[in-house]
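1. A structural model of the following input is requested.
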Amino acid sequence: MSAVDRDSRDVRDVVIAGAGPAGVAAAVALAARIPAERILCLDKARFPRDKPCGGGLTGHAHAALARLGLEVRVPRVDCGRGRLVYRRRWRDVALGRPVDIVRRCEFDADLVAQARARGIEILTGEGLASFEVDAGAGLVRIATTTGRRLIARVLVGADGAGSRVRRALTADDRPPLRLFQAEVPMPPALAPLVDGRMVYDFSLMARGLRGYLWLFPAPGGRLNVGAMHSATTGQKLSGAAIEALLRKGLAAYGVELPDGARGWPAWRHQAGGRVAAPHLLCVGDAAGIDALTGEGIAVGLEHGPIAAQAIAAALQTRDFRFASYGAAIDRAVVGRELTLDGRLARMLYAPRAGKLWLSLILFDRRVQQLYAARVSGSEVLADRKRALLGALLRHAVTAPIRLLRMQAA
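-> Numbering: from 1, shown residues only. The predicted structure is shown next:
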């Protein structure tokens, strides 16, 4: 009798570290393929828990939830418009389907509740402390932060940017994205501006931020604000410097940060990057998020079913190498869109050429409409190469005029 058989109480086919959207998506998709009791999900936090995030549910997020049979049951604010801002210049863009702004503390807790209702065991207040892959026995030995010992055939890293599983798979030498977020009472004077509208302000790029400031209306008369910085080698900003820029940007809107903002790193998706190894794979933030926008909710929800399909196949074939998992992500819509956004981010957030590409976004209505359709979920931008090429050709002709208009802002 094997060690696994002798201690069956601590044995699962799959242990998922992390119960955020990516972890829940993986668990729910798996439960449609294997008995739920063979799955265990654990998270170091107790829900509801605070989670810094813009809280936007795009069309892709809604589609992913629908495929999983999950619902948005928490308060939300519908935003049918987005505003792009650079200093005194701005453009409003209509969305075919509104983006819903939720509070992550509420949204994530309800996803956990929906997963539990399907018989999936989720342990909270207990995270992944360590693990060891025993290739000879074909299993993973896991220790949790409470001292519990587990044995699994597969360990899924859904434990965010600081994922222990990710660190075992790859040493990413690229600087991470840096995000800072806070939630404040809605200033009455600002309410008309963000009524049904998300604001993306790129003005801070003139001060060294390689990214944007956001202002989103949130449930309960609140305002979700934050900044994303896409650091590059030699162009890093300290956390204090990013928060100072955030304060300056918000001051222009009459918004104060009395208690500061919460900052965190995030890893960009990398096409062909290592997101799996024998008995291990990553989803969500642990696998890499959108480098252009910092979007992570939809990405995690879309990663989950891809991971579930790979795990179900491995359990059937007993081949746990997951050699094709990364390629499966890259081939999927989520992977193709992430790869495209990675290229766009390198252009837009380049220290010297950023304004050139920002002028394309601000003044090319067709590009704005294409990206709005992508956010709404009605368009796969990665499949519209001809339209994007047309935009680049138009920009080659009109860029000097557009840059002059930006400088006059």
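
2. residue 247 and residue 257 touch, don't they?
-> Yes: Residue 247 is within contact range of residue 257, at 5.7 Å (criterion: Cβ atoms under 8 Å). C-beta coordinates here come from the backbone N, C-alpha and C atoms, glycine included.

3. low-confidence ranges, the protein, go.
-> Across the chain, residues meeting the criterion (pLDDT under 70) sit at 1-9, 233-235, 409.

4. quick one: the helices in it?
-> 3-6, 21-31, 59-68, 104-117, 164-169, 239-251, 297-317, 325-331, 333-348, 354-363, 365-376, 385-407 (DSSP state H).

5. what segments of the stretch 51-200 of the chain are strands?
-> In the stretch 51-200 of the chain, the segments counted as strands under DSSP state E, counting those that start in this stretch are 56-57, 77-86, 89-101, 121-124, 128-134, 139-144, 149-157, 177-185, 197-201.

6. which secondary structure elements does the third one contact?
-> In other words, strand 89-101. strand 56-57, helix 59-68, strand 77-86, strand 197-201, strand 211-218, helix 354-363, helix 365-376 (3 or more Cβ pairs under 8 Å, 6 or more residues apart in numbering; DSSP states H and E).

7. which residue sits closest to residue 184, ignoring its sequence neighbours?
-> residue 223 (5.3 Å; Cβ to Cβ, 6 or more residues apart in numbering).

8. and the helices and strands packed on strand 89-101: which comes nearest residue 323?
-> Residue 323 lies closest, by Cβ to Cβ, to one member of the helices and strands packed on strand 89-101: helix 59-68, at 25.0 Å.

9. kindly export the closest one (C-alpha atoms) in CSV.
-> Provided in CSV are the C-alpha atoms of helix 59-68 (Å, rounded to 0.1, in the frame of the first residue of the first chain):
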residue,chain,number,x,y,z
GLY,A,59,-17.5,41.9,-21.5
HIS,A,60,-14.9,39.1,-21.5
ALA,A,61,-15.3,38.8,-17.7
HIS,A,62,-19.1,38.5,-18.1
ALA,A,63,-18.8,35.9,-20.9
ALA,A,64,-16.3,33.9,-18.8
LEU,A,65,-18.7,33.9,-15.8
ALA,A,66,-21.6,32.8,-17.9
ARG,A,67,-19.6,29.9,-19.3
LEU,A,68,-18.9,28.8,-15.8
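
10. report the distance from that helix to the chain centre.
-> Centre-to-centre, helix 59-68 and its host chain are 14 Å apart (Cα atoms, centre = their mean, to the nearest Å).

11. which residues does it contact?
-> Contact with helix 59-68 is made by 25, 28-29, 57, 71-72, 96-97, 99-100, 297-298, 301-302, 304-305, 333-334, 337, 375-378, as judged by Cβ atoms under 8 Å, 6 or more residues apart in numbering.

12. ok, for the residue most central in space within the chain, nearest residue in space, not its chain neighbours?
-> Relative to the mean C-alpha position of the chain, the nearest C-alpha, by Cα atoms, centre = their mean, is the one of residue 296, at 0.9 Å. Counting by Cβ to Cβ, 6+ apart, residue 296 lies nearest to residue 289, which is 4.3 Å off, once chain neighbours are set aside.

13. what is the neighbour count of the one you found?
-> 27 (other Cβ atoms under 10 Å).

14. please apply the same query to the one 4 residues further on.
-> Using other Cβ under 10 Å, the number of residues around residue 293 comes to 21.

15. which residue, other than its chain neighbours, is closest to it?
-> Excluding its sequence neighbours, the residue lying closest to residue 293 (Cβ to Cβ, 6+ apart) is residue 341, at 7.0 Å.

16. that neighbour touches residue 292, doesn't it?
-> Yes: counting by Cβ under 8 Å, residue 341 does reach residue 292; the two are 3.8 Å apart.

17. could you measure from the residue nearest to residue 148 when sequence neighbours are not counted over to residue 168?
-> For residue 148, ignoring the flanking residues on the chain, the nearest one in space by Cβ to Cβ, 6+ apart is residue 126 at 6.8 Å. Using Cβ to Cβ, to the nearest Å, we find residue 126 at a distance of 20 Å from residue 168.

18. repeat that for residue 289.
-> 19 Å.

19. same thing with residue 146?
-> 21 Å.

20. neighbour-wise, which of those two wins?
-> Taking other Cβ under 10 Å, residue 146 and residue 168 do not tie; residue 168 has more neighbours (16 against 12).

21. what residues are up against that one?
-> Per Cβ under 8 Å, 6+ apart, neighbours of residue 168: 131, 277, 280.

22. out of the strands of the stretch 51-200 of the chain, which gets nearest to residue 214?
-> strand 197-201 (5.8 Å).

23. list the contacts of that closest one.
-> Residues from elsewhere that reach strand 197-201 (Cβ under 8 Å, 6+ apart): 56, 79-86, 92, 99, 101, 193, 212-217, 249.

24. list only buried entries from the residues you listed.
-> 56, 79, 81-86, 99, 101, 212-217, 249 (16 or more other Cβ atoms under 10 Å).

25. in stretch 151-165, what counts as buried?
-> Applying 16+ other Cβ under 10 Å to stretch 151-165 flags 151-161, 163-165 as buried.

26. ditto for stretch 262-278
-> The neighbour-count check on stretch 262-278 (16+ other Cβ under 10 Å) flags 262-264, 266-271, 273, 275-278 as buried.
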